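> got a structure for you, letters missing:
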Ligand code: FES
Ligand SMILES: [Fe+2]
């Protein structure tokens, strides 16, 4: 986000605080049928029309800086591996042997020198080419050129690695992400390093989990003892690009900025900035750390949630730095996301079975949830 835009957003936040209202969203109340969270048929269509046809975030580039370093899919439905090859090129492959399809990389490997199949020991180079076949006399006419690993399009942009599940897809992230990508570049997301990553299963629909992030309405109530102090009068500003959403939430200290020169304003000192990177990534820039949350549907009521926390190395040096990160992780991952946001999403999901609501009613301040649902619905037609 360029300085002038940071100033403009700050001014918008001041004005919203005056009125004690979020920036207008859809301007109407919307009803979302609850079958969106329970129907296997809807999930099948989401898989076909969304997850298999859009680029998705594979992870942060900090994981794949060195040749041989790799990122493994957290989701068996799209079983990819992304590796930095010897020439420094980032490559994505289906993590499956071309002989009889065994999984090549298990995730236990620290780094990869080659892809070695555990089943019959075929070996592939990091560029995906088939290097050797054991007892090759078994395959008298084998053309190795036809048996390279199945490659998937991979792009590195804004510090994130993106993969497209369709081998023949053209990936143009600049137009797909538009100003969202400019933000990631301006905020120097590529310079961050990993603190920790977790992966757990939540018993709730993937959209229900993402939607817990998309409104500030619940913050004073559900997060009464945790987040609410930091977001006193925490008004929200938002913008969209295609199906992607940016939300900017003023933090309680924003009052202090009004006394200072606008040229010195840095939005991240006074607000948290959140992005839905469609379809399944929720990216959070807090003043001093970043959280990447990704949601992978396993079933209509079951979702894998991964959370990777990243930081700028100079901000958290030495033992004290690591202690500070541990505290932040515990706060944001355990107390806020796990025990508050996703616990309530799981109890909403469970309640869907008992039939009190045929639809969820989204108020004016919940308009971003309806926008997100709209982006999903538009693609299922
Ligand atoms: S399945 Fe990989 S070598 Fe046979
Ligand atoms: Fe929340």
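Nice, I can see it. All of these numbers come straight from a predicted model, not from anything done at the bench. Residues are numbered from 1 along each chain as shown. Ligands and ions are numbered 1, 2, ... in the order given.
> For the stretch 1-150 of the chain, what lies in contact range of ligand 1?
Proximity of the stretch 1-150 of the chain to ligand 1 (CB under 6 Å from any ligand atom) is limited to residues 97, 99-100, 102, 117, 119-122. C-beta here means a position set from N, CA and C on the backbone, and glycine is covered the same way.
> Residue 80 pairs with what?
Beta-bridge pairing for residue 80 (DSSP bridges): residue 94.
> show me what contacts it?
By CB atoms under 8 Å, 6 or more residues apart in numbering, the contact list for residue 80 reads 58, 72-73, 92-95, 152, 163, 165.
> Show me what the mean pLDDT comes to for stretch 208-226.
For stretch 208-226, the mean pLDDT works out to 96.
> if we can go back for a sec, now for the residues of the stretch 1-150 of the chain next to ligand 1, which pair is the farthest apart?
Pairwise distances among those were taken by CB to CB; the largest, 12.2 Å, belongs to 100 and 121.
> Just want to know which of these two has more residues nearby.
Set residue 100 next to residue 121 and count neighbours by other CB atoms under 10 Å: residue 121 wins out with 13 against 10.
> what's the helix or strand for that one?
Element membership of residue 121, judged by DSSP states H and E, is empty: it is in no helix or strand.
> Find the nearest non-adjacent residue to it, please.
Using CB to CB, 6 or more residues apart in numbering and skipping the chain neighbours, the partner closest in space to residue 121 is residue 134 (4.6 Å).
> which residues sit in contact with the one you found?
Counting by CB under 8 Å, 6+ apart, residue 134 touches 120-122.
> coming back round to it: and which of the contacts of residue 80 is nearest residue 255?
Nearest to residue 255 among these: residue 58, at 39.8 Å, using CB to CB.
> So that closest one lies in a strand, does it not?
Yes: membership of residue 58 in a strand is supported by DSSP: H, G, I helix; E, B strand; the rest coil.
> correct me, but residue 247 touches residue 283?
No: using CB atoms under 8 Å, residue 247 makes no contact with residue 283, being 10.7 Å away.
> Same question for the helix or strand containing residue 15: list its buried residues.
Here residue 15, judged by DSSP H and E, is contained in helix 3-19. Within helix 3-19, the residues that qualify as buried are 6, 9-10, 13, 16-17, counting by 16 or more other CB atoms under 10 Å.
> give me the number of residues near residue 109?
Applying other CB under 10 Å, I find that residue 109 has 14 neighbouring residues.
> dump the residue contacts of it.
Contacts of residue 109 by CB under 8 Å, 6+ apart are residue 70.
> Next one, pLDDT for residue 356 please.
With respect to pLDDT, residue 356 scores 87.
> and it, how many residues sit next to it?
Counted by other CB under 10 Å, the residues lying close to residue 356 total 7.
> Determine the three-state secondary structure at it.
coil.
> would residue 293 count as being in a strand?
Yes: assignment of residue 293 by three-state DSSP places it within a strand.
> pretty sure it contacts residue 277?
No: contact between residue 293 and residue 277 fails when scored by CB under 8 Å: they sit 10.2 Å apart.
> Of the two, give the one with the bigger neighbour count.
When neighbours are counted by other CB under 10 Å, residue 293 and residue 277 differ, and residue 277 comes out ahead with 25 against 22.
> hey, what's the more buried one bridged with?
Applying DSSP bridges, one finds that residue 277 bridges with residue 281.
> any idea how far ligand 1 is from it?
According to CB to the nearest ligand atom, to the nearest Å, residue 277 and ligand 1 sit 34 Å apart.
> Also residue 184?
Remark: distance between residue 184 and ligand 1 (CB to the nearest ligand atom) = 38 Å.
> mind checking the SS state of that residue?
Classified using three-state DSSP, residue 184 is helix.
> For the closest residue to it other than its chain neighbours, which residues are in contact?
Excluding the flanking residues, the one nearest residue 184 by CB to CB, 6+ apart is residue 158, at 2.9 Å. Shown here is residue 158, whose contacts under the criterion CB under 8 Å, 6+ apart are 173, 177, 180-181, 183-185, 189-190.
> between residue 247 and residue 283, what contacts are shared?
By CB under 8 Å, 6+ apart, residue 247 and residue 283 have these common neighbours: 274-275.
> Where do the strands of the stretch 101-250 of the chain begin and end?
Assigned by DSSP state E, counting those that start in this stretch, the strands in the stretch 101-250 of the chain fall at 115-116, 123-124, 130-132, 151-152, 154-157, 160-163, 193-202, 236-241, 244-250.
> ok, and for the last one, which residues are buried?
Taking 16+ other CB under 10 Å as the neighbour-count basis, strand 244-250 is seen to contain the buried residues 244-250.
> How about residues contacting it?
When contacts are defined by CB under 8 Å, 6+ apart, strand 244-250 is touched by residues 9, 13, 16-17, 177-180, 183, 214, 216, 231, 233-240, 267, 270-278, 368, 371-372.
> ok so, going back, CSV for the strands of the stretch 101-250 of the chain, including mean pLDDT?
Below are those laid out as CSV (pLDDT from 0 to 100):
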stretch, mean pLDDT
strand 115-116, 98
strand 123-124, 98
strand 130-132, 97
strand 151-152, 98
strand 154-157, 97
strand 160-163, 98
strand 193-202, 97
strand 236-241, 96
strand 244-250, 97
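> who touches the most centrally placed residue in the chain in this structure?
The C-alpha lying nearest the average C-alpha coordinate of the chain belongs to residue 281 (CA atoms, centre = their mean; 2.4 Å). For residue 281, the contact set (CB under 8 Å, 6+ apart) comprises 56-57, 275, 292-295.
> Same question for residue 133.
Contacts of residue 133 by CB under 8 Å, 6+ apart are 122, 139, 142, 144.
> coming back round to it: selection in PyMOL covering whichever of the contacts of strand 244-250 are buried, please.
Here is the PyMOL selection string for the buried members of these, based on 16+ other CB under 10 Å:
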select buried, resi 9+13+16+17+177+179+180+183+214+216+231+234+235+236+237+238+239+240+267+270+271+272+273+274+275+276+277+278+368+371+372
